[in-house]
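**Student:** only geometry, no sequence info:
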């Protein structure tokens, strides 16, 4: 059983997933900085505040949800652009 575990852990796809998680964690700090230091101040100039956490609909606190959705859209857009650029770069190499 121990040898099966060792074989499983050292398969290329398991190692690739482990590396992907580590890189994703490091990349998250870059995305956080981009959102907090670049995009949020621009959003603040347009809407007046980059933080919607105090927004309420009656007694329902929807501000945190709005902030999370905005962050998700920003992160998704940035990742989409990076993946598209990497795909184009790969096509250029071929």
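**Tutor:** Thanks, I have the structure now. None of these values were measured; they are calculated from a predicted model.
**Student:** Going by C-alpha atoms from here, please, whenever you check contacts or count neighbours.
**Tutor:** Will do.
**Student:** Now the most centrally placed residue in the chain: closest residue in space, sequence neighbours ignored.
**Tutor:** The centre of the chain sits closest to residue 75, judged by C-alpha atoms, centre = their mean, with a distance of 4.4 Å. Take residue 75 and drop its neighbours on the chain: the residue closest to it by C-alpha to C-alpha, 6 or more residues apart in numbering is residue 31, 6.7 Å away.
**Student:** What's the local residue count around residue 3?
**Tutor:** Neighbours of residue 3 under the rule other C-alpha atoms under 10 Å: 8.
**Student:** Show the pLDDT at it.
**Tutor:** Residue 3 is assigned 84 on the pLDDT scale.
**Student:** ditto for residue 90
**Tutor:** 61.
**Student:** Please apply the same query to residue 93.
**Tutor:** 52.
**Student:** Check residue 62 too.
**Tutor:** 83.
**Student:** Pull up the gap between it and residue 55, please.
**Tutor:** Relative to residue 55, residue 62 is positioned 6 Å away (C-alpha to C-alpha, to the nearest Å).
**Student:** Could you grab the helix/strand/coil label for the closest residue to residue 9 other than its chain neighbours?
**Tutor:** Closest residue to residue 9 apart from its sequence neighbours, by C-alpha to C-alpha, 6+ apart: residue 15 at 7.0 Å. Following DSSP: H, G, I helix; E, B strand; the rest coil, we place residue 15 in the helix state.
**Student:** give me the number of residues near residue 15?
**Tutor:** Residue 15: 13 neighbours (other C-alpha under 10 Å).
**Student:** Please report how far it lies from residue 54.
**Tutor:** Where residue 54 is concerned, residue 15 sits at a distance of 43 Å (C-alpha to C-alpha).
**Student:** so where's this protein shaky on pLDDT?
**Tutor:** Residues of the chain that meet the criterion pLDDT under 70 lie in 12, 49-51, 89-94.
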